[in-house]
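In: Quick one: sequence plus predicted model below, questions after.
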Amino acid sequence: MITFSRRLTFLVFISLLSAACQSAPPYDPQARTQTHTLVAPQDSLLAGSVSQLTASQEGQSGFYLLHDGLSAFLARIALIESASTSLDLQYYIFSNDVTGRIIISRLLSAADRGVRVRVLVDDLGTRVDNPLVATLDQHPNIEIRIFNPVASRRGLSRNWQILTNYARSNHRMHNKLLVADGTAIITGGRNLGDAYFSSTNVDFQDIDIFAAGPIVPMASDSFDEYWSYPASVPVNLLLNAGEAEMDLDMLRQTLNEFLIEQQESEFAHALRTSTLGTGLLNGNIPLLWGHASLLVDTPKKVLEHRDLPPSFYLGADLKPILEAARTRLKISSAYFVPGDNGVALFTALEADGIQVQILTNSLSTTDVAIVHSGYMDYRKPLLRGGVELWELRSTAGQQKRMHWFKGKSMASLHAKTMVIDDRLSVVGSVNLDARSILQNTEIALVIDSPAINQQLSDLFDLWVAGDSAWRVQLDDDNDLLWTADTAQGQLSETHDPETSAWARFKTWLLSWLPIDSQI
């Protein structure tokens, strides 16, 4: 039963939205088309392949790590192209760039062959303001919804609405999930866009995971819950397809012309030559098996957070998993602001003889400097408590990437993974900062598999090697010291490496802002 305060929250949200829409009809969540995940028949390509793989696994799910951008992109294309019944996509960012348009073209082709496509994107992360999106939504097999939107699509009016409705607009959907045919999923840290698939000069170090088996219905149920929540607003209430300069046929032609232009690009070449997609479908990619559970925030975290006790948040489920560690804990977190409670947790684990190792971004590699300002003062307490700490170097992964990406790049950590002892692993969208735990909605897989655990452990060790990360320690005077053992010798810095004095000063100023709960 909905309480009065919750009902009032819904009414306020709806009235604010409809009042600002002007020409758009009033928003009634109950008037939306109610849909649920469609599962492909067993004789379909994807369902048949998965069924053969999982038949003898006694309730376990199969997993395949996608730890480089190219593989993560190709795996998504493979699932989209093999789907015969349904595709559900839920993302914080869905960019209108090369990889984004390739994915859009594949989704449109899937819809043309009869696949039902549902796309749910966050309003702040994706900024949907092109009327062509509403044109795409007019396809009978495509429906697009925007999560927690403001009515205005651009300019000062949009910024004003975000500011005046900050208590609502501050809560974002940070989930990343693709469900194909109700049979296979990809989730993890990557959004949809060139930067996340290693196709720009910023190379995000990230982890996604392909999964099939009993874990998939849990993910499908999560998508359905978000899709049906009142904050998921149909795009036709926010954009007018009549304002677009092209219809669906013209959009198909434009996308085809774009694909022709991209024929010589690295991604087009990879799509033609890669065997990853066919391998996922015919069983030639070795899946690793284990039992798994899904941790996912309720979408109520956005509109009803005042009524939700902390036990409803994903963080409440994650904490006992960390506390249950007995030998080791390896964490990669793009944004790491542990707060006093986090410092107490990690140093207590160290005091119990558990090795705690953490990798996050350095000031030179972070894409959000204000997050670094919130993290920097926790380094010394963590180090004094025995925690081992690394910060990513801007050159991490450069040589490996040069094999297929022509040009230099700057690395930035975007992964969110945890390795607990020698069995449990966590892969998802959740950072260890207050924004992930308190403000945004998140998703994560908890996997009980020694093989996946070892793969993630090995990858962590690779990421903290001297050519990829700075080891942060305390010197004899209790000051911070950054070192890196490389083939050319040991590097050493006494301030945040690869940064200017001005950048360090600005970050220091930001650290005085009382905003830890927002970063």
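Out: Nice, thanks for sending it over.

In: so where does residue 470 fall, helix or strand?
Out: Secondary structure from DSSP states H and E places residue 470 in strand 469-474.

In: CA atoms only for that strand - export them in CSV, please.
Out: Written as CSV, here are the backbone C-alpha positions of strand 469-474 (Å, rounded to 0.1, in the frame of the first residue of the first chain):
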residue,chain,number,x,y,z
ALA,A,469,49.9,2.3,-11.5
TRP,A,470,51.6,4.4,-8.8
ARG,A,471,52.0,2.7,-5.5
VAL,A,472,51.1,5.2,-2.8
GLN,A,473,52.9,4.9,0.5
LEU,A,474,54.0,6.9,3.5
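
In: Can you give me the buried ones in it?
Out: For strand 469-474, the neighbour count (16 or more other CB atoms under 10 Å) marks 469-472 as buried. Placement of C-beta: from N, CA and C, glycine included.

In: next helix or strand past it?
Out: strand 480-486.

In: ok, residue 53 to residue 62 distance?
Out: Remark: distance between residue 53 and residue 62 (CB to CB, to the nearest Å) = 6 Å.

In: Can you lay out the buried residues of strand 469-474 as CSV showing pLDDT?
Out: CSV is the format used below for the buried residues of strand 469-474 (pLDDT from 0 to 100):
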residue, pLDDT
469, 95
470, 96
471, 97
472, 97
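
In: Quick one: mean pLDDT over stretch 316-329.
Out: Averaged across stretch 316-329, pLDDT comes to 96.

In: What residues sit buried inside it?
Out: Neighbour counts over stretch 316-329 (16+ other CB under 10 Å) mark 317-319, 321-322, 325, 328-329 as buried.

In: and if you look at stretch 327-341?
Out: Quick answer for stretch 327-341 (16+ other CB under 10 Å): 328-339.

In: Secondary structure class of residue 291, three-state.
Out: strand (DSSP: H, G, I helix; E, B strand; the rest coil).

In: on that earlier part again, need the buried residues of stretch 316-329 in JSON lines with distance to residue 300 and secondary structure, can you?
Out: Below are the buried residues of stretch 316-329 laid out as JSON lines (distance: CB to CB, whole Å; DSSP: H, G, I helix; E, B strand; the rest coil):
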{"residue": "317", "distance to residue 300": "15", "secondary structure": "helix"}
{"residue": "318", "distance to residue 300": "18", "secondary structure": "helix"}
{"residue": "319", "distance to residue 300": "20", "secondary structure": "helix"}
{"residue": "321", "distance to residue 300": "22", "secondary structure": "helix"}
{"residue": "322", "distance to residue 300": "24", "secondary structure": "helix"}
{"residue": "325", "distance to residue 300": "30", "secondary structure": "coil"}
{"residue": "328", "distance to residue 300": "35", "secondary structure": "strand"}
{"residue": "329", "distance to residue 300": "30", "secondary structure": "strand"}
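
In: Next, give me the two most distant ones among those.
Out: Maximum pairwise distance in those, criterion CB to CB, is 20.6 Å, between 317 and 328.

In: between the buried residues of stretch 316-329, which is nearest residue 433?
Out: Looking across the buried residues of stretch 316-329 and measuring by CB to CB, the closest to residue 433 is residue 318, at 12.7 Å.

In: which outside residues touch stretch 485-495?
Out: 466-467, 470, 475, 479-484, 497, 504 (CB atoms under 8 Å, 6 or more residues apart in numbering).

In: hmm, 7 Å instead?
Out: 466-467, 479, 481-484, 504 (CB atoms under 7 Å, 6 or more residues apart in numbering).

In: One more: stretch 154-161?
Out: Counting by CB under 7 Å, 6+ apart, 20, 129, 150-152 sit against stretch 154-161.

In: how about a cut-off of 6 Å?
Out: 129, 150, 152 (CB atoms under 6 Å, 6 or more residues apart in numbering).

In: Identify the residue with the minimum pLDDT among the residues you listed.
Out: For the contacts of stretch 154-161, the least confident entry is residue 152, with 77.
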